[in-house]
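In: how would this look folded up:
(2 chains)
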Amino acid sequence: MRDRPAIFAGLIVFVGLFTFPLWYGHAAKTSAAAPDIKLPAQEKQCVAPLNYMRDSHMQLLVDWREQVVRENQRQFTAYNGKVYDKSLTRTCLEQCHTNKAEFCDRCHSYAGVSGPYCWDCHVEKQLTARSAP
Amino acid sequence: MKITRKHFLQLSGLGLLAVVGKKAVRAITGAAETAAPVASRGKTTHRLGMVIDLAKCRQEKGCDACAKACNAAHNIPQFADRAHEVKWIWNQPFETVFPLVQTDYTRQAYAGSPIPLLCNHCANPPCVRVCPTQATWKREDDGIVMMDWHRCIGCRYCMAACPYGSRSFNWQDPRPAIASLNPDFPTRTKGVVEKCNFCEERLARGQRPACVEACKDKALVFGDLADPNSEPRQLLRARFALQREPELGTSPSVYYLV
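Out: Numbering: from 1, shown residues only, chains lettered A, B, ... in the order given. The predicted model follows:
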């Protein structure tokens, strides 16, 4: 049992190294609780409730795309009765989320979502990021 | 009562007859039922088309205002290399457009005044038949041959099928070759086929196609070919018009007044 100090010292070093990312992240304050996104200033209400948009905005955009391109239905009546133009650039971006870099991109990079290929074709005025090649 | 063999066979025969008879009656009346609503549906179907007055084009030798307006409206890239060319509406010499109607003197008459060409939005479009993903289809209510670039896989079957060369393929990323981006209209990506869409995005907003609006001389007349009183139909009634290669049976919706 003369090796006891060495074993315990080794264990402490191992645990310390193993949990290093946690300590480091905590010390450098890099692991924020939520992505630091910039909400639109001029508009308080989205086209659908917040929870739905958080989970399913991609499905909504795909539905809009199908309806506009293939069925020529371009008006969207929101849950609160307001009518919107089904358009990613003219409605979502121009009317509310004018800052794509600090809203869309920031959350996508936080969540590790590889960039959607919307921006390979659709034009955002500032031309910030297109999806990675 | 005891069922004899003979009685059993008689009953089975009667049952079989009843089933066949019922099916026959249903087939006859059912066909009538489904045929009736089609005839009486009364759905207004339009057929959007264009009439191009070449006499007016000839006065403005080499005018390409329509093509310029289209290029700007639809973010069409301009590549120096013709092999990579992307075009929606473009000019071509008369003898290459109407090789079978040229006379000894048409080449002289049309020298320096090319013919504007665009997608014919055929009533019977061969490109639609060959598309494996239905990325291109004919819109039933107005006859526009649409394209869904989201769905195009770039197989170029449609380009092989189109007898008019109306479709272009993006061999490279088009964005660097676009002079000024119109943010209201998407660009395309490498590997996608594109063509004229009769400005369906402008029609949806109640505007006329960009080329029609850009033509000062009103050489391009756009309207509903299904409506006998529409502007293009009035022109077609009054003057002789050509379609490109009508013998192919595609029934183009773009007419040329010579």
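
In: what's the neighbour count on the residue in the stretch 1-150 of chain B positioned nearest to chain A?
Out: For the stretch 1-150 of chain B and chain A, the shortest gap (C-beta to the nearest C-beta) falls at residue B:148, measuring 5.0 Å. Heads up, the C-betas are built off the backbone N, CA and C, glycines and all. For residue B:148, the count of nearby residues is 16 (other C-beta atoms under 10 Å in any protein chain shown).

In: now do residue B:134
Out: Using other C-beta under 10 Å, the number of residues around residue B:134 comes to 10.

In: same question, residue B:238
Out: Neighbourhood size, residue B:238 [other C-beta under 10 Å]: 9.

In: what do you get for the one 4 residues further on?
Out: With neighbours defined by other C-beta under 10 Å, the count for residue B:242 comes to 19.

In: so where's the chain shaky on pLDDT?
Out: The chain I'm using is chain A. A:30-33, A:128-133 (pLDDT under 70).

In: if you could check chain B rather than the one you did, that'd help
Out: B:31-43.

In: Contact residues of it facing chain A?
Out: B:75, B:137, B:139, B:141, B:146, B:148-150, B:181-189, B:200, B:204 (C-beta under 8 Å from any C-beta of the partner chain).

In: Now, these that are in strands?
Out: B:137, B:146 (DSSP state E).

In: Buried subset of the residues of chain B next to chain A, written for ChimeraX?
Out: The following ChimeraX line selects those of those that are buried, judged by 16 or more other C-beta atoms under 10 Å in any protein chain shown:
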select /B:75,137,139,146,148,149,150,181,183,184,185,186,187,188,189,200
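
In: Tell me where chain A has strands.
Out: A:75-77, A:83-85.

In: between those, which gets nearest to residue B:58?
Out: strand A:83-85 (41.3 Å; C-beta to C-beta).

In: what does the closest one rub up against?
Out: A:47, A:74-78, A:91 (C-beta atoms under 8 Å, 6 or more residues apart in numbering or on different chains).

In: Closest to chain B out of those residues?
Out: Using C-beta to the nearest C-beta, residue A:74 comes nearest to chain B of those, at 5.9 Å.

In: got a list of what the closest one touches?
Out: Contacts of residue A:74 (C-beta under 8 Å, 6+ apart): A:67-68, A:85-87, B:204.

In: Reformat those residues into a markdown table and put distance to residue B:22 next to each item.
Out: Shown next, in a markdown table, are the contacts of residue A:74 (distance: C-beta to C-beta, whole Å):
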| residue | distance to residue B:22 |
| --- | --- |
| A:67 | 42 |
| A:68 | 47 |
| A:85 | 53 |
| A:86 | 48 |
| A:87 | 54 |
| B:204 | 49 |
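
In: Closest to residue B:253 out of the residues you listed?
Out: Taking C-beta to C-beta as the measure, residue B:253 lies nearest residue B:204 of the contacts of residue A:74, at 18.5 Å.

In: what about the closest one, distance to residue B:28?
Out: According to C-beta to C-beta, to the nearest Å, residue B:204 and residue B:28 sit 44 Å apart.

In: With residue B:88 instead?
Out: For residue B:88, the distance to residue B:28 equals 50 Å [C-beta to C-beta].

In: Now do the contacts for the nearest residue to residue B:216 once chain neighbours are set aside.
Out: Counting by C-beta to C-beta, 6 or more residues apart in numbering or on different chains, the nearest residue to residue B:216 once its immediate chain neighbours are dropped is residue B:65, at 6.9 Å. Residues near residue B:65 by C-beta under 8 Å, 6+ apart: B:214-216.

In: can you check residue B:211 too?
Out: Residue B:211 is in contact with B:66-67, B:69-70, B:89, B:116, B:118, B:199, B:220, counting by C-beta under 8 Å, 6+ apart.
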